[in-house]
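*Asks:* the sequence and its predicted three-dimensional model are supplied below.
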Amino acid sequence: MPPGRHKIPLDPQKIRDLAEIHCTMEEIGHVVGCSPDTLERRFMDVIKEGRDTGRASLRRMQYAKAKEGNPTMLIWLGKQLLGQSDQVSQEISGPKGAAIEFIINDKMGLKPGEADVVDAGPDKTKSEG
């Protein structure tokens, strides 16, 4: 046997199964009895395969729920995969839909009579004196 520490026998299937449910490296190491460094050195390919399988399995279950007509899953998948989003539009107007009038006072650095009312309608600002 070469000098140095002997390799601890570890079960690659158990490591893969834990990776499939997306356990952290620390969690996997704790369960199988080795350090995260050992896992990275010796089992990174097994861990990647397990995590990939876990993601595919979860995606398959999500699609199954969407195909059953689950509205939450349909909305979520639409946002994730199709770029759909909730559109929120907000319009503010005065009484009976009129433009909002802003009163400008001397605290804004203006003298009385320079600009008492400003109509802030779309793309215009009108001063009245």
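*Replies:* Ah, there it is.

*Asks:* contacts only, for residue 25.
*Replies:* With contact set as CB atoms under 8 Å, 6 or more residues apart in numbering, residue 25 has these partners: 36, 39, 40, 47. Where you see a C-beta, it was placed from the backbone N, CA and C, and this is true even at glycine.

*Asks:* and it, what pLDDT?
*Replies:* Turning to residue 25, the model gives it a pLDDT of 98.

*Asks:* got any ranges where this structure has weak pLDDT?
*Replies:* 1-2, 104-129 (pLDDT under 70).

*Asks:* swap the cut-off to 50 and go again
*Replies:* For the chain, the stretches with pLDDT under 50 are 1, 124-129.

*Asks:* tell me the one among the contacts of residue 25 nearest to residue 23.
*Replies:* Of all the contacts of residue 25, residue 23 sits closest to residue 47, with 9.4 Å by CB to CB.

*Asks:* wait, doesn't the closest one sit right on residue 15?
*Replies:* Yes: judged on CB atoms under 8 Å, residue 47 makes contact with residue 15 at a distance of 6.5 Å.

*Asks:* quick one: common contacting residues for the two?
*Replies:* Once CB under 8 Å, 6+ apart is applied, the residues that residue 47 and residue 15 both contact turn out to be 28, 39.

*Asks:* selection in PyMOL covering whichever of the contacts of residue 25 are buried, please.
*Replies:* Selection of buried members from these for PyMOL, criterion 16 or more other CB atoms under 10 Å:
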select buried, resi 39+47
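
*Asks:* could I get the contacts of residue 25 as a markdown table with distance to residue 8?
*Replies:* Converted to a markdown table, the contacts of residue 25 look like this (distance: CB to CB, whole Å):
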| residue | distance to residue 8 |
| --- | --- |
| 36 | 14 |
| 39 | 11 |
| 40 | 15 |
| 47 | 16 |
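
*Asks:* now, the contacts of residue 25 that are in helices?
*Replies:* Among the contacts of residue 25, DSSP state H puts 36, 39, 40, 47 in helices.

*Asks:* closest to residue 99 out of the residues you listed?
*Replies:* After measuring the ones in helices among the contacts of residue 25 against residue 99 - CB to CB - the closest member comes out as residue 47, at 62.1 Å.
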